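K.L.:
Generate a structure from the sequence data that follows.
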Amino acid sequence: MGGGKKITKYATIRSVLSIVWLLIVATGCVPRARIPDERFQRAEQLVYVGTELMRKGRLQEAERVYELAAEVAPVASAIDGKGCVALLENRLDQAEGYFLEAYDMDGAYDDVLLNLGLLYQLKGQSDKARAIYLDYLSKWPESPRARNDLAVLEYESGQGRIEVLSQLEKARALSNHEIIRANIDRLGLP
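P.N.:
The predicted model follows:
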């Protein structure tokens, strides 16, 4: 009888070890093959192509190229690109999911935060958008886009002309971009 218990215990331990091994394999705890740098470079090239397509208004093509880039290598910029397409197509909840996924994938990829801020601004969640812009500017005070987007948010939120003008003047000092100039002209600022 004692031998039977040993066999049972051994079978139980073996079963547990098998289950643990399957869980480790299934959850990705086993080291995977390293993705070659060339694949990351190729994925980033595809993101650039997708961005050019998006700028030309060819959103469906851009989305397919971003999807391909994400298949080639796990780059946050590809997921961010898919979010931008979703945002432009007014699929706001899907865009938010993509932006959050991209940031979770690479917390150092801060550019996605500006897209997330814009999304919250469009959804009428001004407090969330403002918090994102201010946090971004605390890390990257030289960002003309963050300053411009914050100025537009403040203007839409009814903030005073001085606050809006201050952000737009700082944005213009950093970049004399046509969008910044158009916002200054639209507000009738000098």
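K.L.:
Strands along the protein, start to end?
P.N.:
Along the chain, counting by DSSP state E, no stretch forms strands.
K.L.:
what domains does the record give for the protein?
P.N.:
Domain segmentation of the chain under automatic domain parsing yields 37-109, 113-190.
K.L.:
pLDDT wise, what is the residue nearest to V65 when sequence neighbours are not counted at?
P.N.:
Distances taken as C-beta to C-beta, 6 or more residues apart in numbering put G50 closest to V65, at 3.8 Å, once the chain neighbours are dropped. Any C-beta I mention is one placed from the backbone N, CA and C, and that applies to glycine too. G50 carries a pLDDT value of 94.
K.L.:
What count of nearby residues applies to G50?
P.N.:
For G50, the neighbour count with other C-beta atoms under 10 Å is 27.
K.L.:
quick one: it from N148, how far?
P.N.:
Distance, G50 to N148, using C-beta to C-beta, to the nearest Å: 23 Å.
K.L.:
try V85
P.N.:
V85 sits 22 Å away from N148, going by C-beta to C-beta.
K.L.:
again with R39
P.N.:
For R39, the distance to N148 - C-beta to C-beta - is 35 Å.
K.L.:
Tell me which of the two has more neighbours.
P.N.:
Per other C-beta under 10 Å, whichever of R39 and N148 has more neighbours is N148, with 25 against 14.
K.L.:
shouldn't that one be in contact with R181?
P.N.:
No: N148 is beyond contact range of R181, at 10.2 Å (criterion: C-beta atoms under 8 Å).
K.L.:
quick one: L118 and R172, what's the gap?
P.N.:
19 Å.
K.L.:
Show me which of the two is the more surrounded one.
P.N.:
With neighbours defined as other C-beta under 10 Å, L118 and R172 compare such that L118 has more, 21 against 18.
K.L.:
Lowest mean pLDDT across the domains of the chain, which one is that?
P.N.:
Set side by side, the domains of the chain differ in mean pLDDT, and domain 113-190 is lowest with a mean of 88.
K.L.:
Just the buried positions in stretch 142-150, please.
P.N.:
For stretch 142-150, the neighbour count (16 or more other C-beta atoms under 10 Å) marks S143, P144, R145, A146, R147, N148, D149, L150 as buried.
K.L.:
should've said stretch 73-89
P.N.:
Going by 16+ other C-beta under 10 Å, stretch 73-89 has these buried residues: 73, 75-87.
K.L.:
what are the ranges of the helices in this protein?
P.N.:
In the chain, helices defined by DSSP state H lie at 2-27, 37-55, 59-72, 76-88, 92-105, 111-122, 126-139, 144-156, 161-174, 178-186, listed in chain order.
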